[in-house]
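Trainee: Quick one, fold the following:
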Amino acid sequence: MSDLFDTMRAYPDLLSASGVVGSIIYISGFALVQSGRTCGNGPLYSASKVIAAILVLISLVGAFNLGAFIIQVGFITFGLVGLGRQFSSKRDETVGPRPFHDEQPEPCLEIQRDTAPHSFRLAS
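Mentor: Numbers count the residues shown, from 1 in each chain. Prediction:
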């Protein structure tokens, strides 16, 4: 395993690029959710967070940071939990119980702008 890390450290520019791409994926996903273009509880959003976390985690091989490591492990863990829940809800209920509870995640709410400036209402 140490040989793999040593090989990866021989390419610091690739490690840095990995971290930059991961950061772009993080920020893009967050921007898409905040602008209402995508839903934050879909499988694509969860998968993008797992991929971004893996890329940033790879970049930490060159310059380790414990705080960043813990954040990335958390994103990977909970992203995979979310993906598992999403895919387990699609399986036949006769196979077995769902791992957490029977409720589906809340759907994303659409926000529509009223005619008055700075006023919003939920779409019906």
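Trainee: Would you mind listing where the protein has pLDDT under the threshold?
Mentor: 90-107, 109-124 (pLDDT under 70).
Trainee: now the helices for it?
Mentor: Using DSSP state H, the helices of the chain run over residues 2-9, 12-34, 43-59, 66-88.
Trainee: Would you mind putting these into TSV with distance to residue 108 and mean neighbour count alongside?
Mentor: All C-beta spots, glycine's among them, are computed from the backbone N, C-alpha and C. Output for the helices of the chain, formatted as TSV (distance: least, C-beta to C-beta, whole Å; neighbours: other C-beta atoms under 10 Å):
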stretch	distance to residue 108	mean neighbour count
helix 2-9	38	10
helix 12-34	8	15
helix 43-59	10	20
helix 66-88	14	15
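Trainee: quick one: the spatially most central residue of the chain from residue 4, how far?
Mentor: With distances taken as C-alpha atoms, centre = their mean, the residue of the chain nearest its centroid is residue 49 (2.0 Å). Applying C-beta to C-beta, to the nearest Å, one obtains 24 Å for the distance of residue 49 from residue 4.
Trainee: again, but for residue 61
Mentor: Distance, residue 61 to residue 4, by C-beta to C-beta: 9 Å.
Trainee: Same question for residue 53.
Mentor: Distance from residue 53 to residue 4, by C-beta to C-beta: 19 Å.
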